[in-house]
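[1] Predicted model and sequence follow; I will ask about them next.
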Amino acid sequence: MRLVTLDDFRDTFFKGKQRGWDFILSKFNLRNSERTKSAFNSSASISANWWEIPYVKKRWNKLMTNDEHQNYKQYLVAEALKDASNLKLLSLGSGTCSHEIELAQYNNFEKITCLDLSEYRISEAKKTAEQKQLNNIEFICSNIDDFNFKDDHYDIVLFNASLHHFKNVDALLSKKIKPCLNTSGLLVINEYVGPNRLQFSRLQIQKINEGLRLIPKTFRKRYKSSSHKNSFSGSGLLRMVIADPSECVDSESIIPSIHKHFDRVVEKSYGGNILMNVLKDISHHFIDLNDEKKKALDALFEFEDDYLKNNPSDFIFGIYKKPNH
């Protein structure tokens, strides 16, 4: 565990340049919930992270579905939900609901319910759904503690990059999620499941720095900066709690808790142990690829694959069902 690191100071400075200093000041609110909300305000889209790179998304698809052109939602509908209809899906921590809006365009779903704390993100999701004229999706701005979980009601509960924001994952899954699913209900996750509070091991930090050196200096200039990214030291606990008290609060309990309360249908690792941290703040260089950029990413992919041979993946796509007993 690291209380403070060099990256805490560097990341705070660059975050201020990228998202504005009002965003930094918002982190001094004494209410945990308000600091969490500020992490997902309108400036959240101003970033350079690995999930924005199309070539990285193709890698995810290949690892999740064995087809670089098929994402996990397409796989879910084509395989796990084949011929199913009138489905009710609940998505918790849905953000701008891009994944749920994509699913709502399939006729398998009678009702998709999206729940999120951020008024801004729920508002943006409503606008998108209205533009697409979707009438089988609803949006609720609420804390999970205030939401009425109906027993035996939903066919699917989805967590897309949100379960790692909930504390006491085991109790959430056993006391709220499992009872609200019907007898054939499915739990679907696309999640960070690595160390709590991003407290990576010394070995992982060492390998992230080795991976960073695979990227030519030309493509290591930080987003909205003239500075280059030359090293990685990880996040300190103090900054993690100040920036977003919910971030990875109980992430390492996710897989053990799911395995305890649900049966596996599909579980796919797609890494992220190296890529997420190497590409943070420099991903904008790789949105459009040339031969040199593609070569650098391919080398990084191979490096991460080698690391994953002996280390558990930090990101998992999984489909799970309620046990019969």
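    Cool, the structure landed. Numbering: from 1, shown residues only.
[2] Mind listing the strands the longest strand seen in the chain pairs with, and their directions?
    In the chain, assigned by DSSP state E, the strand with the most residues is strand 181-192. Using DSSP bridges, the strands paired with strand 181-192 in its sheet are strand 154-160 (parallel), strand 315-321 (antiparallel).
[3] Which among those is found nearest to residue 61?
    Among the strands paired with strand 181-192, the nearest to residue 61 by C-beta to C-beta is strand 315-321 (9.9 Å). Using the backbone N, CA and C atoms, a C-beta is placed for each residue, glycine as well.
[4] okay, that closest one in CSV with CA atoms only?
    Only the C-alpha atoms of strand 315-321 are listed here, as CSV (Å, rounded to 0.1, in the frame of the first residue of the first chain):
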residue,chain,number,x,y,z
PHE,A,315,-10.3,-7.0,-16.5
ILE,A,316,-13.0,-9.7,-17.0
PHE,A,317,-16.1,-10.2,-19.2
GLY,A,318,-18.4,-12.7,-17.6
ILE,A,319,-21.9,-14.2,-17.8
TYR,A,320,-23.2,-16.0,-14.7
LYS,A,321,-26.4,-17.7,-13.7
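[5] got the contact list for it?
    With C-beta atoms under 8 Å, 6 or more residues apart in numbering as the test, strand 315-321 has contacts from 64, 72, 76, 80, 184-194, 254-255, 258, 262-272, 276.
[6] Buried ones among the residues you listed?
    Among those, those scoring as buried are 64, 72, 76, 185-194, 254-255, 258, 262, 266, 268-272, 276 (criterion: 16 or more other C-beta atoms under 10 Å).
[7] how near is residue 223 to residue 112?
    Distance of residue 223 to residue 112, given as C-beta to C-beta, to the nearest Å: 33 Å.
[8] Show me which of the two is the more surrounded one.
    residue 112 (26 against 18; other C-beta atoms under 10 Å).
[9] Give me the distance between that one and residue 207.
    39 Å.
[10] what about residue 202, neighbour count?
    Residue 202: 8 neighbours (other C-beta under 10 Å).
[11] got a list of what it touches?
    Contacts of residue 202 (C-beta under 8 Å, 6+ apart): none.
[12] All the helices of this protein, residue numbers only.
    Remark: helices assigned in the chain by DSSP state H are 6-19, 21-26, 32-38, 54-65, 72-75, 98-104, 119-131, 169-172, 178-180, 202-212, 237-243, 254-261, 275-279, 291-308.
[13] winner for burial among those?
    Across the helices of the chain, the average number of neighbours (mean count of other C-beta atoms under 10 Å) peaks for helix 275-279, which reaches a mean of 25.
[14] about what we covered before: can you lay out the helices of the chain as JSON lines showing distance to residue 317 and mean pLDDT?
    JSON lines is the format used below for these (distance: least, C-beta to C-beta, whole Å; pLDDT from 0 to 100):
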{"stretch": "helix 6-19", "distance to residue 317": "27", "mean pLDDT": "74"}
{"stretch": "helix 21-26", "distance to residue 317": "30", "mean pLDDT": "51"}
{"stretch": "helix 32-38", "distance to residue 317": "25", "mean pLDDT": "49"}
{"stretch": "helix 54-65", "distance to residue 317": "4", "mean pLDDT": "98"}
{"stretch": "helix 72-75", "distance to residue 317": "5", "mean pLDDT": "98"}
{"stretch": "helix 98-104", "distance to residue 317": "12", "mean pLDDT": "98"}
{"stretch": "helix 119-131", "distance to residue 317": "22", "mean pLDDT": "96"}
{"stretch": "helix 169-172", "distance to residue 317": "17", "mean pLDDT": "98"}
{"stretch": "helix 178-180", "distance to residue 317": "20", "mean pLDDT": "98"}
{"stretch": "helix 202-212", "distance to residue 317": "21", "mean pLDDT": "98"}
{"stretch": "helix 237-243", "distance to residue 317": "25", "mean pLDDT": "87"}
{"stretch": "helix 254-261", "distance to residue 317": "12", "mean pLDDT": "98"}
{"stretch": "helix 275-279", "distance to residue 317": "15", "mean pLDDT": "97"}
{"stretch": "helix 291-308", "distance to residue 317": "14", "mean pLDDT": "98"}
